[in-house]
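1. structure of the sequence below:
(chains A and B)
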Amino acid sequence: MPLKEFLDKTCFVGVGSTPQGQLPDKSGDDIAIWAFQLALEDAGLKKSDIDGLFVQSSFGNQGSLDEIGQRLGLEPRTSATVNPGGGRLFQLAALQVYLGMCDYAACIYGTNQRTNRNRFAGSPHHPSGNFQQVYGQFNPGSIAAFNFRRRMHDFGATEEQLGAIAVAQSKGAALNPLAVFRDPLTIEDYLASRYVIEPLRLVDFCFPTDGGFAFIITTPERAAGLKKRPVYIAGVGAQDSYLQLSHPDPMYHPSQPSNARSLFESSGFSPKDMDAVYVQDSYTPNVLSALENYGFCKFGEAHEWVQGGRIELGGDLPVNVNGGQNRETYMVGWNHTADAIRQLRGECGDRQVNDAELIMCAYSHGLWQTTQSFILRRG
Amino acid sequence: MSEYKRPLPVVTEATKPHWEAAREHKYLIQRCSDCGHSWFPPAPNCQRCLSSNVEWVEASGRGEVYSFIVYHQGWHPGFADSVPYNLAIIQLEEGVRVMNNIVGTDNDKIRVGMAVEVTFDDVTEEVTIPRFKPA
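-> So this is what the prediction gives:
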């Protein structure tokens, strides 16, 4: 079955987002269930309508499928834990809806990673032992820092150029009631921000927050009777790689170019058709790699291309106008999908992308082991 | 010599020859006897042809800095007193990339492309950790 037959056959019809930031006295599962209730309400559905359950685990052994399923009191026709989740989870949920294995798929994620003070440092794993810890690699942001250092060498990129991303995202966050950090950030503030892993500064890093997101996916026929305007899945792409540093070119998210080819070739759209873009930006250099690999600018030029407000609201290509994961909230990309859907419904008020009809969302996890992409279309 | 507070190697079946050789100031990596592919960190089978006919070979210890970063925050208490400390990806002559530290120079003198060679840091009486220094 060609991939394109799947396109436009499923849509997002419900979005739930809890407050973000610090939610003391709640577990990740409490928050996940809260988000699910909000998504049901948003769609105008009842719990009993849900016959597909897709859960992403969160740190601290939370988000277990059994636990969430039991607390929700569901008997779904199909259910799965999908890790790493995000784009992959939505793709698998939508595919099961398309195949008729369920009618209404709920996708759920909640975390209390802030309150729980989760550490994202690497842990010893077999068979490689603990080479990372022995040499002092304790933060997954290291790879983004290596990446940007290499970009500085290969293409003459500067730290000030990288700062354009955090500055642009802060402008979106300032207009976003959901965003945890809404203070404006100037390039001077950026350059004064302390290094965490040089050449990256504090504001280049996502900020682990408590919060939850949930979505409901169904078919266009079923969407017709629901509360909100549907948002169609009009393009999907994916590419994984487990070569890590053995990859011939490991510094620029090398899974993304073939992901982009499948996304645009199957959908018939081109990067120029996109009204906005959301990039899983655990670290700001990820934005640069995605803009190049998905074809929005030439390889090796993104750090120049993002200057002058081009990726801000009102610019040629608004990127992460929710504020990104360093300003809005760190929800492993779920917050980006939520904002894309709300943009396509025209619900974003002051930070609405004018007449948004097509939005690309790009996910990546780990170093670049798994990448997925979507084109979402206004219904 | 003050007490070494950073994490020590967790020696597994797969990594034992590497760490034992380090005590003798030798830098060992693995090579597939069937297809000639080399890799790091150690693993029980070749990642290219899946052969488990794996041999340990002494690397030249020479390479160049592929990329490097500087930690200004010490997440591990053993590294807290060491900030800012560097972490580098080094491309060995054998084509393998390894993550390690550059010693014997200031962080602000490290450059991408800089030639480096292995050196051995006897951190305790039982443990030696290979690091790299400017060549």
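2. count of residues packed around A:Tyr242?
-> 13 (other Cβ atoms under 10 Å in any protein chain shown). C-betas here are computed from N, CA, C, even on glycine.
3. likewise A:Lys4?
-> When neighbours are defined as other Cβ under 10 Å, A:Lys4 has 13 of them.
4. show me the contacts for the residue lying closest to A:Glu304 once chain neighbours are set aside.
-> In space, not counting the residues next to it along the chain, A:Glu304 is nearest to A:Gln161; the distance is 6.8 Å by Cβ to Cβ, 6 or more residues apart in numbering or on different chains. Contacts here follow Cβ atoms under 8 Å, 6 or more residues apart in numbering or on different chains; on that basis A:Gln161 touches A:His303, A:Glu304, A:Val306, A:Gln307.
5. am I right that the second one is in a helix?
-> This points to A:Glu304. Yes - applying DSSP: H, G, I helix; E, B strand; the rest coil, one finds A:Glu304 inside a helix.
6. how close does it get to chain B?
-> A:Glu304 sits 19 Å away from chain B, taking Cβ to the nearest Cβ, to the nearest Å as the criterion.
7. in what helix or strand does the residue nearest to A:Glu304 lie?
-> If you go by DSSP states H and E, A:Gln161 is part of helix A:159-174.
8. average pLDDT across the helix or strand that that helix is followed by?
-> Once the chain leaves helix A:159-174, the next helix or strand it forms, by DSSP H and E, is helix A:187-192. On average, the pLDDT along helix A:187-192 is 98.
9. buried stuff in helix A:187-192?
-> The neighbour-count check on helix A:187-192 (16 or more other Cβ atoms under 10 Å in any protein chain shown) flags A:Asp189, A:Tyr190 as buried.
10. would you map the helices across chain A?
-> Ranges of helices within chain A are A:28-43, A:65-72, A:87-98, A:131-135, A:141-155, A:159-174, A:187-192, A:220-223, A:256-267, A:285-293, A:302-305, A:324-327, A:334-345, based on DSSP state H.
11. list the contacts for A:Lys46?
-> By Cβ under 8 Å, 6+ apart, the neighbours of A:Lys46 are A:Leu40.
12. related to what we said a few turns ago, and of the contacts of A:Gln161, the nearest to A:Glu41?
-> The closest of the contacts of A:Gln161 to A:Glu41 turns out to be A:Val306 (Cβ to Cβ; 37.2 Å).
13. could you find the closest non-adjacent residue to that closest one?
-> Using Cβ to Cβ, 6+ apart, the closest residue to A:Val306 is A:Ala164 (4.9 Å).
14. how far out from the middle of the chain is stretch A:259-267?
-> 18 Å (Cα atoms, centre = their mean, to the nearest Å).
15. can you get me a residue count around the residue lying closest to B:His37 once chain neighbours are set aside?
-> Excluding the flanking residues, the one nearest B:His37 by Cβ to Cβ, 6+ apart is B:Arg48, at 4.1 Å. The number of residues packed near B:Arg48 is 14, by other Cβ under 10 Å.
16. doesn't B:Arg48 lie inside a strand?
-> No - looking at B:Arg48 with three-state DSSP, it is coil, so not inside a strand.
17. now for it: which residues touch it?
-> Shown in contact with B:Arg48 (Cβ under 8 Å, 6+ apart): B:Cys32, B:Cys35, B:His37.
18. make TSV from the residues you listed and add secondary structure and neighbour count to it.
-> Below are the contacts of B:Arg48 laid out as TSV (DSSP: H, G, I helix; E, B strand; the rest coil; neighbours: other Cβ atoms under 10 Å in any protein chain shown):
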residue	secondary structure	neighbour count
B:Cys32	strand	20
B:Cys35	coil	12
B:His37	coil	17
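19. list the beta-bridge partners for the residue nearest to B:His18 when sequence neighbours are not counted.
-> In this structure, B:His18 finds its nearest non-sequential neighbour in B:Leu28, 5.2 Å apart by Cβ to Cβ, 6+ apart. Here B:Leu28 sits in beta bridges with B:Glu58, going by DSSP bridges.
20. cool, B:Tyr71 as well?
-> Assessed by DSSP bridges, B:Tyr71 has beta-bridge partners A:Ile197, B:Tyr85.
21. isn't it up against B:Phe79?
-> Yes - proximity of B:Tyr71 to B:Phe79 meets the contact threshold set by Cβ atoms under 8 Å, at 7.1 Å.
22. ok, these two, which is more surrounded?
-> For B:Tyr71 versus B:Phe79, neighbours defined as other Cβ under 10 Å are more numerous around B:Tyr71 (25 against 19).
23. for the more buried one, what are its contacts?
-> Taking Cβ under 8 Å, 6+ apart, we find B:Tyr71 in contact with A:Gly136, A:Phe138, A:Asn139, A:Ile197, A:Glu198, B:Phe79, B:Val83, B:Pro84, B:Tyr85, B:Asn86, B:Leu87.
24. perfect, that will be all.
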